[in-house]
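*Asks:* Turn this into a model:
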Amino acid sequence: MLKGLKTAWGFIKSNNVLLGIVLTLCIGAVVNFDEFLTVTNLMNITRQAAVVGFLALGMTFVIISGSIDISVGALVPFTSFFCLYFSNYNIILALIVPLIVGCFVGAINGFLIAHVNIPPMIATYAMQLIIRGVICIITGNLAYRAEFEHPVLVSLGSGNVGIIPIATIVYTVFFIIFQYMLKQCPAFRNVFAVGANIEAARMMGINVKRTVVYVHAICGVSAGLAGIALSARTGAAVPLSGDGYEMLAIASVAIGGTFLSGGRGKMFGSFAGAFLIGGLISNIFKMQNSLSTYWDRVIIGIVMLIVLLLQVLSSNNRHLNVRKIVNNWFGINLQTKS
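*Replies:* Down below sits the predicted model:
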């Protein structure tokens, strides 16, 4: 009996996001059997999850390194504006400029954190305010639309290859690329060591400051990808459209099994977590006309708290786990009683 319970507990800890997806699919099928499990709806869910998914892929690098970035929510409509603006002139620029802008903003975040020693939560929150203010000034706090809908963006936003949305295919391709970068690319393999113990990483000869800049730059690139995906899907850059996206990305990463204290994580978990957070849960509530769609945020918040509790309880030293998160994100060194 005890052995069986231990086996079940081990399965839940290692596959919690997949278990969550299965349970959510079951709930969706129960509350709306006729429409929820149709191929069309499930494919639409994967399309909707792409925006949060792109953010989650980049956020995985940052969180594994022991840092955090809450500016990405504002960066999504910011890069979306550049995508739509340049689509009036050249589609190549429309796809490249948002990535460059995102990379530049992310690198600035990394520089402020690594070289100026500003805590990640403070640095990226300040950047969030700056970006949101700039996009509101540029657009007059109004939705910006391109002069015409470029066919490439239309295809990315609503096109399919067979039954599979093009956005889902692109998202999956970048998941594979980011997975390779995390495991094989020398510039990013060190993030696990940096997140686990930054001082030990320095003693190993790892350039910690460069690693921090790199992970925030790639997080900015992922925000650029999310901005392109959002502008392709909606055809507009709305200044406040990314509000709360950073928390959905963090929730996707945490639910996917990446420890918020850093040093441990997996890209596939974030990939699957975004499908659960960015697609399945919100889709269920949107199909229930009798319920407010804001209930999905309540459920996501509760799920994230449960995941965090499990992470703390599974740590060998739960106090160290919490202290590490606070120290990494806010630069506050909590001392325990002797």
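*Asks:* How about residues contacting the helix or strand residue 270 falls within?
*Replies:* In this assignment (DSSP states H and E), residue 270 forms part of helix 267-275. Contacting residues not belonging to helix 267-275 are listed as 17-18, 21, 45-46, 49, 52-53, 55-57, 59-60, 175, 178-179, 182, 249, 251-258 [CB atoms under 8 Å, 6 or more residues apart in numbering]. Yep, even glycine has a C-beta here, placed from its N, CA and C like the rest.
*Asks:* for the chain, what are the low-confidence residue spans?
*Replies:* 1-16, 18-25, 27-31, 33-34, 287-293, 311-312, 314-320, 333-338 (pLDDT under 70).
*Asks:* ok, the residue nearest the centre of it - contacts?
*Replies:* With distances taken as CA atoms, centre = their mean, the residue of the chain nearest its centroid is residue 56 (2.1 Å). For residue 56, the contacting residues are 249, 252-253, 256, 270-271, 273-274, 277-278, by CB under 8 Å, 6+ apart.
*Asks:* For residue 246, see how far away it is.
*Replies:* Relative to residue 246, residue 56 is positioned 10 Å away (CB to CB, to the nearest Å).
*Asks:* Just the buried residues of the following helix or strand past the helix holding residue 270, please?
*Replies:* Next helix or strand after helix 267-275 toward the C-terminus (DSSP H and E): helix 281-286. Residues of helix 281-286 classed as buried: 281-285 (neighbour count, 16 or more other CB atoms under 10 Å).
*Asks:* One more: stretch 300-308?
*Replies:* 300, 303-304, 307-308.
*Asks:* on that earlier part again, closest one to residue 157 out of the contacts of residue 56, please.
*Replies:* Closest approach to residue 157 among the contacts of residue 56 (CB to CB): residue 278, at 15.6 Å.
*Asks:* next helix or strand past the helix or strand where residue 42 lies?
*Replies:* Using DSSP H and E, residue 42 sits in helix 39-64. Per DSSP H and E, the first helix or strand lying C-terminal to helix 39-64 is helix 72-87.
*Asks:* So which elements touch the very next helix or strand once past that next one?
*Replies:* Scanning forward in sequence from helix 72-87 by DSSP H and E, the next helix or strand is helix 91-114. For helix 91-114, the elements it packs on are helix 72-87, helix 120-139, helix 151-158, helix 208-234, judged by 3 or more CB pairs under 8 Å, 6 or more residues apart in numbering; DSSP states H and E.
*Asks:* What are the contacting residues of the third one?
*Replies:* Read that as helix 151-158. With CB under 8 Å, 6+ apart, helix 151-158 has contacts from 83-84, 87, 91, 94-95, 146, 165-167, 170, 228-229, 231-235.
*Asks:* Recalculate using a threshold of 10 Å.
*Replies:* Residues outside helix 151-158 that contact it (CB atoms under 10 Å, 6 or more residues apart in numbering) are 44, 47, 50, 83-84, 87, 91-92, 94-95, 146, 149-150, 159, 161, 165-167, 169-170, 228-235.
*Asks:* related to what we said a few turns ago, from the buried residues of helix 281-286, pick the one nearest residue 330.
*Replies:* Of the buried residues of helix 281-286, the one sitting nearest to residue 330 (CB to CB) turns out to be residue 281, at 28.6 Å.
*Asks:* Which helix or strand contains the nearest residue to residue 196 once chain neighbours are set aside?
*Replies:* With sequence-adjacent residues excluded and distances taken as CB to CB, 6 or more residues apart in numbering, residue 196 is closest to residue 263, at 3.2 Å. In this structure, residue 263 sits in neither a helix nor a strand according to DSSP H and E.
*Asks:* From what I see, residue 263 and residue 67 are in contact.
*Replies:* No - assessed by CB atoms under 10 Å, residue 263 is found out of contact with residue 67, at 11.7 Å.
*Asks:* any residues in contact with both of residue 56 and residue 246?
*Replies:* Common neighbours of residue 56 and residue 246 (CB under 10 Å, 6+ apart) are residue 72.
*Asks:* could you check the angle helix 39-64 makes with the host helix or strand of residue 324?
*Replies:* Per DSSP H and E, residue 324 falls inside helix 318-330. Interaxial angle of helix 318-330 relative to helix 39-64 (axes from the mean of the first three to the mean of the last three CA atoms, to 10 degrees): 90 degrees.
*Asks:* switch to numbering from 695
*Replies:* Happy to do that; since the first residue is 695 now, the last one works out to helix 1012-1024.
*Asks:* circling back: could you check the helix holding residue 736 and say which residues are buried?
*Replies:* 736-758.
*Asks:* what's the spacing between the residue nearest to the centre of the chain and residue 919?
*Replies:* Taken as CB to CB, the span from residue 750 to residue 919 is 11 Å.
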